[in-house]
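Asks: Any chance you can model this:
(one chain, ligands or ions: 3)
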Amino acid sequence: MTILIDQPPLEIEVNEKKVTNSEEMELVLEGGFVVPNANAFGHTFRDYNVESDRQYGVENFYKTNHICQTYEFVKKMREEYGKLDKVEMGIWECCELLNNIVDESDPDLDEPQIEHLLQTAEAIRKDYPDEDWLHLTGLIHDLGKILLHPIFSKLPQWAVVGDTFPVGCAFDESIVHHKYFKENPDFNNPKYNNKYGVYSEGCGLEKVLMSWGHDDYMYMVAKENKTTLPSAALFIIRFHSFYALHRSGAYKYLMNEEDKENLEWLKIFNKYDLYSKSRVRVDVEKVKPYYLSLIEKYFPAKLSWEKFIKSQQLRALKEQAGLEFNLFQESLNKIGSATASARLEIASSTIEDLSSPLPREENAGTFDGVALRSWNAG
Ligand SMILES: O[C@H]1[C@H](O)[C@@H](O)[C@H](O)[C@@H](O)[C@H]1O
Ligand SMILES: [Fe+2]
Ligand SMILES: [Fe+2]
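Replies: Ligands and ions are numbered 1, 2, ... in the order given. Take a look at the predicted model:
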């Protein structure tokens, strides 16, 4: 029997079987991957309203994210980060740097990101052994989270992670915690707050500005460094967090024919990205040679990345962070004082980080392998 889980299909159906074991129903993807019934915290995947240890942080994350991600903000970030002339680094080096990064927007995972990359890639590899490009896509899809790294850009979480959505047209109601968009300046701007906004029917997603974060950044890095990965891989990287489209079917009218084909692969990819999240760790050393061979096949040994933002952008970010700070203060009034002071500390340190002097240009050369290793060890 073929059934679908968790959302109505768009153009394709990912074949899944429902099998019964002694106590509960499990969902099995066509290739054999077993979709777990619950995430590592015992809740349904992507439940943004269930009370859990992560719920407060995740909701607060989306509040800030939805208020700060405006059309203007995205345009500036794309311009700045599209330059890609500051740092040279290989793909695997970047994976290793994600060893210390935890994503605050994710209700399903609090493991370091390198685990998530390998879990996704390995789950795909088992079910699609011949699609090596898709294994590598699994490995690299979240590498853009390097923007959070203290020795990289150190952007605040709201500017890096979480589900993404188009800016420049109306925010669809299917977007997680949609209510917080009311405070986004674009919400009341007649240029942007209607179905098409600055876009047109079938214009193609390539032309659509998405809220700024790890997806768009990694897409730029892969594309500009002339990866030989197929267009479906680049599409997956750029839109894998666009749940409003691939899960809820919103914004379909912006797609062109090529987008529709690529969306089929994205929907397959998404099952592995989402449901492979677990506490079971992959043996990094064991799988490393395989992934190094794929990296060599599809990428140059060193890629160019944009690491720092310039003063103008920094100022803009500081203003946004001021907004973030206010949000924290507002929430302080609502929660108990012990947690409140802890939150205040976090908020203030975000502001401090953003106010610290700009890194000097001469620091922005090739990565020093030794320095990187010692940072990791420390
Ligand atoms: O919280 C997660 C996380 O940031 C993922 O990397 C992203 O792809 C998802 O869309 C989001 O829900
Ligand atoms: Fe992601
Ligand atoms: Fe992911």
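Asks: Ser304: what secondary structure?
Replies: Secondary structure, DSSP: H, G, I helix; E, B strand; the rest coil: Ser304 is strand.
Asks: list the contacts for the residue nearest to it when sequence neighbours are not counted?
Replies: Of all residues not flanking Ser304 in the chain, Leu84 sits nearest, at 4.6 Å (Cβ to Cβ, 6 or more residues apart in numbering). Any C-beta I mention is one placed from the backbone N, CA and C, and that applies to glycine too. Residues near Leu84 by Cβ atoms under 8 Å, 6 or more residues apart in numbering: Met220, Val221, Glu224, Asn225, Ser304, Trp305, Glu306.
Asks: helix/strand/coil for Ala121?
Replies: Counting by three-state DSSP, the backbone at Ala121 sits in helix.
Asks: Pull up the gap between it and Glu30, please.
Replies: To Glu30, Ala121 is 18 Å away according to Cβ to Cβ, to the nearest Å.
Asks: try Val282
Replies: In terms of Cβ to Cβ, Val282 sits 22 Å off from Glu30.
Asks: Please identify which of these two sits among more neighbours.
Replies: More crowded of Val282 and Glu30, by other Cβ atoms under 10 Å: Val282, with 18 against 15.
Asks: and the spatially closest residue to that one that is not a sequence neighbour, what helix or strand is that in?
Replies: Excluding the flanking residues, the one nearest Val282 by Cβ to Cβ, 6+ apart is Leu118, at 4.0 Å. For Leu118, the element it lies in under DSSP states H and E is helix 113-127.
Asks: List the buried residues of that helix.
Replies: 113-125, 127 (16 or more other Cβ atoms under 10 Å).
Asks: Beyond it, next helix or strand please.
Replies: helix 132-140.
Asks: coming back round to it: is it fair to say the residue nearest to Ser304 lies in a helix?
Replies: No: Leu84 sits outside any helix when classified using three-state DSSP, being coil.
Asks: For stretch 196-205, give the mean pLDDT please.
Replies: Mean pLDDT, stretch 196-205: 98.
Asks: which bits of this protein sit near ligand 2?
Replies: Residues of the chain lying close to ligand 2 by Cβ under 5 Å from the ion are Asp142, Ser241.
Asks: Would you map out the domains in the chain?
Replies: Annotated domains of the chain cover 16-305, 323-375 [automatic domain parsing].
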